[in-house]
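Q: Give me the fold of what follows.
(one chain, ligands or ions: 1)
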Amino acid sequence: MARIVRPTAYGTPDVLGIFELRIPRPAAGEVVVGVRAAGVNPIDWKLYSGAFHTVDDEHKESAGVAAEALPALGLECAGVVTAVGVGVTGVELGDEVIAHPVTAAYADYVVAPVTALVRKPATLSWEAAGTLMLSGTTAAHTVHAVGLGRGDTVLVHGGSGGTGLMAVQLATARGATVLATGAERNHHLLRELGAVPLAYGPGLLDRVRAAAPDGVTAAVDCAGTDEALDVSVALVADRTRIASIVGTDRRAAVGVKTLGYGPGQDAGTEVRLAARADLAARAGAGELRVLVHGSYPLYEAARAHKVGIAGHAPGKLVLVP
Ligand SMILES: NC(=O)c1ccc[n+]([C@@H]2O[C@H](COP(=O)([O-])OP(=O)(O)OC[C@H]3O[C@@H](n4cnc5c(N)ncnc54)[C@H](OP(=O)(O)O)[C@@H]3O)[C@@H](O)[C@H]2O)c1
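A: You can find the predicted model right below:
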């Protein structure tokens with residue numbers, strides 16, 4: 001038998017339950033991965049929080065948000081291949097892999113299409129490998145979308161978060177000068193990664209202007225606040241060089257790039273999938289740091305989500321079955 005964490009209703013993390021299922025079997029083109037570490041991401045709690053729908057209880061069923069439609073959780077993990085389906089080549093039992101994108105990785109075992117696999121570098125810890133890809137591929141999409149290169153000065157809002165820390169490092173690696181916002185207690189981290197740290201909150205525009213007197217050529221918003229949007233458009237003349245991964249409808253109205261899976265957004269599927277091998281190689285070589293803030297056993301998934309929802313964990317949260 002195998003354990004899996006799933007929501008039992010829409011609501012707060014207290015709705016998460018742990019269930020026993022048969023160990024899954026792979027179909028053609030799939031493998032089963034014994035999960036050693038599963039990344040925890042904000043999308044996980046948003047999926048069962050009701051954030052993605054505004055339907056009252058009476059209409060939930062017809063809108064497809066009834067309890068039976070509750071999502072499985074866990075879009076990324078790292079682990080060991082324990083079963084290989086028909087037609088799979090190049091993957092053997094016992095291989096250590098990163099799997100992303102997958103569904104239902106909050107579990108002892110996950111079924112993954114072979115196309116989701118990237119070899120796990122031996123030098124990378126299970127925790128780092130399990131939580132590298134969702135933030136890493138999103139960050140890779142942001143720096144690609146704004147076309148960062150040498151000579152650019154980029155402002156990363158939410159630079160101290162899971163995605164922001166990746167964006168800061170990828171931007172620095174492209175030769176850009178990086179300014180990044182975060183709470184004061186995380187400024188040492190941003191500095192270590194090569195960014196100029198700035199506090200978010202009132203006066204941000206003036207602080208950025210003082211830190212970058214020659215101007216800011218691009219912005220990446222991982223915070224999603226009105227302040228982040230307003231400061232970005234005040235500083236960056238070319239709005240196609242502002243990319244946002246979270247926020248309100250105002251973003252489209254002011255003409256910045258909205259990256260993600262919502263209506264009208266750029267999912268960047270090709271860019272994100274193509275980035276995985278490079279992210280693994282860089283992380284394996286120690287050029288890209290995966291900062292893991294907290295590891296939790298499966299039965300403490302709700303605790304991990306509460307820490308994540310509080311919104312100030314410097315780095316990634318991970319479940320270790
Ligand atoms: N569109 C996509 O494809 C995509 C992909 C991944 C994530 N996302 C979304 O992007 C958001 C960030 O994800 P994440 O994993 O990086 O989250 P996270 O790890 O929780 O990071 C949150 C960041 O926001 C900062 N922050 C908190 N309050 C702030 C405020 N009032 N003003 C400015 N910054 C503030 C935090 O700074 P301190 O901790 O220093 O206070 C931290 O840097 C989430 O909403 C997530 O769902 C979207």
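
Q: For the closest residue to the ligand within the stretch 51-200 of the chain, grab phi and psi.
A: Residue nearest to the ligand within the stretch 51-200 of the chain: Gly161 (2.0 Å; Cβ to the nearest ligand atom). No exception for glycine: its C-beta is placed from N, CA and C like everyone else's. Per-residue torsions, Gly161: phi -90, psi -180 (degrees, to the nearest 10).

Q: Return the residues in contact with it.
A: Gly161 makes contact with 182, 222-223, 313-314, according to Cβ atoms under 8 Å, 6 or more residues apart in numbering.

Q: Correct me if wrong: Val318 contacts Asn41.
A: No: checked against Cβ atoms under 8 Å, the pair Val318 and Asn41 is beyond contact range at 10.2 Å.

Q: hmm, back to that, and the contacts of Gly161, which of them are in strands?
A: With strands defined by DSSP state E, no entry of these lies inside them.

Q: isn't Leu75 right up against Ile98?
A: No: in this structure Leu75 lies outside contact range of Ile98 using Cβ under 8 Å: 12.0 Å.

Q: Neighbour count for these two, which is higher?
A: Between Leu75 and Ile98, counted using other Cβ atoms under 10 Å, Ile98 has the larger neighbour count: 32 against 23.

Q: near the ligand, which residues of this structure show up?
A: Within reach of the ligand by Cβ under 6 Å from any ligand atom, the chain has these residues: 41-43, 46, 135, 138, 157-158, 160-164, 181-183, 186, 200, 222-225, 245-246, 259-260, 311-314.

Q: Give me the three-state assignment for Val246.
A: coil (DSSP: H, G, I helix; E, B strand; the rest coil).

Q: cool, and Pro263?
A: Recorded secondary structure, Pro263: coil (three-state DSSP).

Q: and it, how many neighbours does it have?
A: For Pro263, using other Cβ under 10 Å, the count is 6.

Q: Check the gap between it and the ligand for me.
A: Applying Cβ to the nearest ligand atom, to the nearest Å, one obtains 13 Å for the distance of Pro263 from the ligand.

Q: And that residue, its phi and psi?
A: Per degrees, to the nearest 10, the backbone of Pro263 is at phi -60, psi 130.

Q: do you know how far it is from Ile98?
A: Distance, Pro263 to Ile98, by Cβ to Cβ, to the nearest Å: 30 Å.

Q: who's in contact with the closest residue to His141 other than its chain neighbours?
A: Spatially, and ignoring its direct neighbours in sequence, His141 is nearest to Gly268 (4.1 Å; Cβ to Cβ, 6 or more residues apart in numbering). For Gly268, the contacting residues are 141, 144-145, 259, by Cβ under 8 Å, 6+ apart.

Q: For Gln240, which non-adjacent residue is closest in space?
A: You called it Gln, but residue 240 is Thr. In space, Thr240 is closest to Lys257, 6.4 Å off (Cβ to Cβ, 6+ apart).

Q: Return the per-residue confidence for that neighbour.
A: What the model reports as pLDDT for Lys257 is 98.

Q: Give me the distance between it and Thr89.
A: 38 Å.

Q: same question, Glu227
A: On the measure of Cβ to Cβ, Glu227 and Thr89 end up 50 Å apart.

Q: For the two, indicate the residue with more neighbours.
A: A direct count of neighbours by other Cβ under 10 Å for Glu227 and Thr89 places Glu227 higher, at 17 against 7.

Q: which residues touch the helix or strand hosting the more buried one?
A: Here Glu227 sits within helix 226-235, counting by DSSP states H and E. For helix 226-235, contacts defined as Cβ under 8 Å, 6+ apart pick out 155, 157-158, 181, 200-201, 204-205, 208-209, 215-216, 219, 221, 239, 242, 244, 247-248, 250-251, 254, 256.

Q: From those, which land in helices?
A: Secondary structure defined by DSSP state H assigns 204-205, 208-209, 250-251, 254 of the contacts of helix 226-235 to helices.

Q: what's the pLDDT at the residue positioned nearest the centre of the chain?
A: Closest to where the C-alpha atoms of the chain average out (Cα atoms, centre = their mean) is Ser135, at 3.0 Å. Note for Ser135: predicted pLDDT of 98.

Q: Next: Gly262.
A: pLDDT, read off for Gly262, is 86.

Q: what do you get for Thr54?
A: At Thr54, the model reports a pLDDT of 58.

Q: ok, for the closest residue to the ligand within the stretch 201-321 of the chain, nearest residue in space, not its chain neighbours?
A: Nearest to the ligand, among the residues of the stretch 201-321 of the chain, is Gly260, at 2.7 Å (Cβ to the nearest ligand atom). Sequence neighbours aside, Ile245 is the residue nearest to Gly260 in space, at 5.8 Å (criterion: Cβ to Cβ, 6+ apart).

Q: Ramachandran angles for the closest residue to Val290 other than its chain neighbours?
A: Take Val290 and drop its neighbours on the chain: the residue closest to it by Cβ to Cβ, 6+ apart is Ala128, 3.8 Å away. Dihedral angles of Ala128 (phi, psi; degrees, to the nearest 10) stand at phi -60, psi -40.
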